[in-house]
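Novice: Based on what follows, work out the 3D shape:
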Amino acid sequence: MSYNIFADYYDVLMQNVGYKERSDYICELMKRHNHEFGITLDLACGTGSLTTELALKGIDVYGIDASAEMLSEAMQKSSEKGLNILYLKQKMQNLNLYGTIDTCICTLDSINHITKEEDVTKTFERVAFFMDKDGLFVFDVNTVYKHEQVLANNTFVYETDKVFCVWQNTLRENCVTDIDLDFFEEENGIYYRTSESFSERGYSREKLTEMLVNAGFELEAVYGDMSFDEPKADEQRLVFVARMKNPINKEC
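Specialist: Okay, the predicted model is just below:
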């Protein structure tokens, strides 16, 4: 999945996310868990909006994403802010860093974009391999509830000054949702259509916890989105906080 078309419209469609507020939340989360950021990886950083917000706070952060198009947007964004942020093109499950990290964040449902359980396992193992002892891994996921009750087989329409988007979902077995996006952009009175398709998978809290523990992490907390409360039954996004307790043998 390159998300080459989606990259053009990603920031427009995600403008209500509130990246500054999300970066503030992550900083508060670190304080509550008595953790200094240190060298920080923004895994699956997309167009780098959160990476940039963290860098503006003085955090030593760099980003990794599998999409060259997303990274191109990220580099342009950081350049406009006068920031020199390192961005690398890699898949999460094939993570290969130059050194160790103290913190890894992975936000806005990026883990859901990995639809094979074994690839999520590999991702957690690769993060563990490069994380120093007592490092913190923070990620969020769309819940099974959201996939089955909100996304499901529904269609959503988004309209902005730049683009009109039709978002269609098809729920399959194993809580996999196929997502088809159609973008309509007007130019000189003519509408041009482009399309993008990808899939997301919902994973249970129990399964993700099991995979984290098997990778050497200790789960410290699971919160509802942008909160420090226990998730509700109808929570649409979970935030996991896991600490590296049993580092993988780096010589393997």
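Novice: Can you give me the pLDDT of Tyr192?
Specialist: Per-residue confidence (pLDDT) for Tyr192: 87.
Novice: got it, and the one 4 residues further on?
Specialist: pLDDT, Glu196: 88.
Novice: Just the buried residues of the host helix or strand of it, please?
Specialist: For Glu196, the element it lies in under DSSP states H and E is strand 190-201. Of all the residues in strand 190-201, those buried under the rule 16 or more other CB atoms under 10 Å are 196, 199-201. From N, CA and C alone the C-beta is placed, and that goes for glycine too.
Novice: can I see the domain layout of the chain?
Specialist: Per automatic domain parsing, the structural domains of the chain span 6-142+203-244, 146-201.
Novice: hang on, Lys133 is in a helix, isn't it?
Specialist: No: Lys133 is assigned strand when assessed by DSSP: H, G, I helix; E, B strand; the rest coil, not a helix.
Novice: Check which helix or strand the residue nearest to it when sequence neighbours are not counted maps to.
Specialist: Distances taken as CB to CB, 6 or more residues apart in numbering place Pro247 nearest to Lys133, at 5.4 Å, with adjacent residues excluded. Assigned by DSSP H and E, Pro247 falls within no helix or strand.
Novice: count of neighbours near Pro247?
Specialist: 16 (other CB atoms under 10 Å).
Novice: Gln149 too?
Specialist: For Gln149, the count of nearby residues is 13 (other CB under 10 Å).
Novice: Which residue, other than its chain neighbours, is closest to it?
Specialist: Using CB to CB, 6+ apart, the nearest residue to Gln149 is Asp234, at 7.5 Å.
Novice: how close does the one you found get to Lys146?
Specialist: 9 Å (CB to CB, to the nearest Å).
Novice: The two: which is more packed in?
Specialist: The neighbour comparison of Asp234 against Lys146 (other CB under 10 Å) goes to Lys146, with 22 against 10.
Novice: Parallel or antiparallel, which strands does the helix or strand hosting Asp180 pair with?
Specialist: Assigned by DSSP H and E, Asp180 falls within strand 176-187. Under the criterion DSSP bridges, strand 176-187 sits next to strand 164-171 (antiparallel), strand 190-201 (antiparallel) in its sheet.
Novice: Of all these, which one is nearest Leu43?
Specialist: For those, proximity to Leu43 was assessed by CB to CB; strand 190-201 is nearest, at 16.3 Å.
Novice: Can you show me the CA trace of that closest one as PDB?
Specialist: Written as PDB, here are the backbone C-alpha positions of strand 190-201 (Å, rounded to 0.1, in the frame of the first residue of the first chain):
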ATOM      1  CA  ILE A 190     -14.800  19.900 -14.300                       C
ATOM      2  CA  TYR A 191     -14.700  17.300 -11.600                       C
ATOM      3  CA  TYR A 192     -11.800  14.800 -11.700                       C
ATOM      4  CA  ARG A 193     -12.100  11.400  -9.900                       C
ATOM      5  CA  THR A 194      -9.300   9.500  -8.300                       C
ATOM      6  CA  SER A 195      -9.600   6.400  -6.000                       C
ATOM      7  CA  GLU A 196      -7.700   4.700  -3.300                       C
ATOM      8  CA  SER A 197      -8.300   1.400  -1.500                       C
ATOM      9  CA  PHE A 198      -6.800  -0.200   1.600                       C
ATOM     10  CA  SER A 199      -7.900  -2.300   4.600                       C
ATOM     11  CA  GLU A 200      -7.800  -2.100   8.400                       C
ATOM     12  CA  ARG A 201      -8.300  -4.800  11.000                       C
END
